[in-house]
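Undergrad: have a look at this prediction, sequence included:
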Amino acid sequence: MLRLSSLAPAAALIALPQAAFAAEFDGASLGLAWALPFAGILLSIALFPLLAPHFWEHHQGKIAAAWGLMVLIPMALAFGPVAAIHALAHTAFLEYIPFILLLLALFTVAGGILVRGNIHGAPGTNAILLGIGTVLASFIGTTGASMVMIRPIMRANDDRRHNVHVIVFFIFLVSNIGGSLTPLGDPPLFLGFLRGVEFFWTTRHLFPETLFASLLLLVVFFAIDLAIYKKEGRVRPDPTPDNPVRVTGGMNFLLIFIVIAAILMSATTDLGRVTLLGVEIELANALRDLIMIVVTIISLKTTPKANRIENGFSWGPIKEVAKLFAGIFIAIIPVLAMLKAGADGAFAPLVALVTHPDGSANNAAYFWLSGGLSSFLDNAPTYLVFFELAGGDPQTLMTTGALTLSAISAGAVFMGANSYIGNAPNFMVYAIAREGGVKMPSFFGYLLWSGAILIPTFLLVTLLFFRG
């Protein structure tokens, strides 16, 4: 039976004035032990799929919940249940729910766009397809673009004896670097938007870096593909019948524009505010989140089921993201408080790494540290860590700290391509390609590809854009 006493913390949150909830955890007083659950959940995401995939598949939600409870229970004991519930509500209403609903809308919409037909994968054609996917990634997300483009590019190259390199560069460009120009492109950038970064800020400030890295990789790809294509000589008979290329599910393109309009509306319109469980929620943001739900439903109702079947669409990936990020967003609460403490907190050594002796930001260090962690841990929480480490004030970071925010954003998005586990679409593309008969490299084999091609590319990016 539900006891009234169990409702006391929630009732207190509703009854007490807003000022009672404004107090933040004193990050300077928190020890490194508070960061262990956050490290634990990220390492679980990185290692379990490789070491115990069957166990992980069946218990990932329980594992994420366990790490989250390792934060919430000590938080309730140390600071009181009211503070713990408020922290949970703040994270849920202002970050987790908007984040998941955007991913759900883009995932559903992209899954309804189907490219039918067969294209012959000559080097020039492959480079064009990769270029299209790279551009598309900033509008429907790296996951969405990967879902839309992976099967057409596999069909285009199914008569090639050597096609592994095509999929590897696809992961580099479409599943990662292409998502750098809008908050729709990659989850870290949408978290930045939720923290106050303007929608088109990344478009303006990351365009040179994204253009340089993308064009350089496309040129390198074309050179490699051309050499392999000439060496192959006569290709195998094409197993895919020739059919004209057609794109179906056009309604979903309109829905993408509705998603963009909803996000811009939430950033520019003031419809008032309401307080729920001590958290101030802007009604424009609530309307944006409602629109994401409506867009998802419309896409499901108006898209032919055949489109999703041919795309291999399933709810598995978004369910996994929802479970894991619930744990991540809870586990990161004390970490963000500790980072706000700066040099006075437990992460003072990390602050020293990204700071010059004169106190200015070491942007190259921000780029490589945020990128290095994003290579093997999830890039969205990694972005949040370095966003807070740089001060956490979006107005300052968008102006005087613009180069620092650019370095953090580029590092988190670009270097997610360094390994299969750096960004969610990477492993999805790997699995689809293997299922389609492509002999994809192993985890460490892929690292050889990324080390040989991406690391020199990122060194050039550092020299050209982030030396300050």
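TA: Okay, I see it.

Undergrad: could you measure from Val346 over to Leu218?
TA: Actually, residue 346 is Ala rather than Val. Note on Ala346: its distance to Leu218, by CB to CB, to the nearest Å, is 43 Å. Quick note: C-beta positions are derived from backbone N, CA and C, even for glycine.

Undergrad: Ala156 now?
TA: Ala156 sits 16 Å away from Leu218, going by CB to CB.

Undergrad: which one's more surrounded, those two?
TA: Per other CB atoms under 10 Å, whichever of Ala156 and Leu218 has more neighbours is Ala156, with 23 against 19.

Undergrad: can you pull out the strands in this protein?
TA: Counting by DSSP state E, the segments of the chain that form strands are 114-116, 246-248, 273-276, 279-282.

Undergrad: and the helices in the stretch 351-468 of the chain?
TA: When assigned using DSSP state H, counting those that start in this stretch, the helices of the stretch 351-468 of the chain occupy the ranges 363-374, 379-389, 394-398, 402-414, 424-435, 443-465.

Undergrad: now those helices in a markdown table, with mean pLDDT?
TA: Output for those, formatted as a markdown table (pLDDT from 0 to 100):
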| stretch | mean pLDDT |
| --- | --- |
| helix 363-374 | 91 |
| helix 379-389 | 85 |
| helix 394-398 | 95 |
| helix 402-414 | 96 |
| helix 424-435 | 80 |
| helix 443-465 | 93 |
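
Undergrad: quick one, which of the ones you listed is packed in tightest?
TA: Burial of these is given as mean neighbour count (mean count of other CB atoms under 10 Å); helix 402-414 ranks first at a mean of 27.

Undergrad: what packs against that helix?
TA: The contact analysis (3 or more CB pairs under 8 Å, 6 or more residues apart in numbering; DSSP states H and E) places helix 402-414 against helix 187-194, helix 201-232, helix 363-374, helix 379-389, helix 394-398, helix 443-465.

Undergrad: using CSV, write out every CA atom in the first one.
TA: Yep, that's helix 187-194 we're talking about. Taking Å, rounded to 0.1, in the frame of the first residue of the first chain, the C-alpha atoms of helix 187-194 are listed here in CSV:
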residue,chain,number,x,y,z
PRO,A,187,23.7,14.8,-29.5
PRO,A,188,26.5,16.8,-27.9
LEU,A,189,25.5,19.9,-29.9
PHE,A,190,21.9,19.6,-28.9
LEU,A,191,23.0,19.4,-25.3
GLY,A,192,24.8,22.6,-25.9
PHE,A,193,21.7,24.1,-27.3
LEU,A,194,19.7,23.1,-24.2
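
Undergrad: check which helices and strands it sits against.
TA: helix 97-111, helix 379-389, helix 402-414.

Undergrad: distance of the spatially most central residue of the chain relative to Gly416?
TA: Note on the chain: the residue nearest the mean C-alpha position is Pro187, at 3.0 Å, using CA atoms, centre = their mean. Per CB to CB, Pro187 is found 10 Å from Gly416.

Undergrad: please identify every residue contacting each of the two.
TA: Common contacts of Pro187 and Gly416, defined by CB atoms under 8 Å, 6 or more residues apart in numbering, comprise Asn379.

Undergrad: was I right about Ala87 contacting Met75?
TA: Yes - counting by CB atoms under 8 Å, Ala87 does reach Met75; the two are 6.6 Å apart.

Undergrad: what about the two, which has more around it?
TA: More neighbours surround Ala87 than the other of Ala87 and Met75, with 24 against 21 (other CB under 10 Å).

Undergrad: how near is that one to Ile330?
TA: Applying CB to CB, the value for Ala87 to Ile330 is 8 Å.

Undergrad: next one: Gly342
TA: Distance from Gly342 to Ile330, counting by CB to CB: 23 Å.
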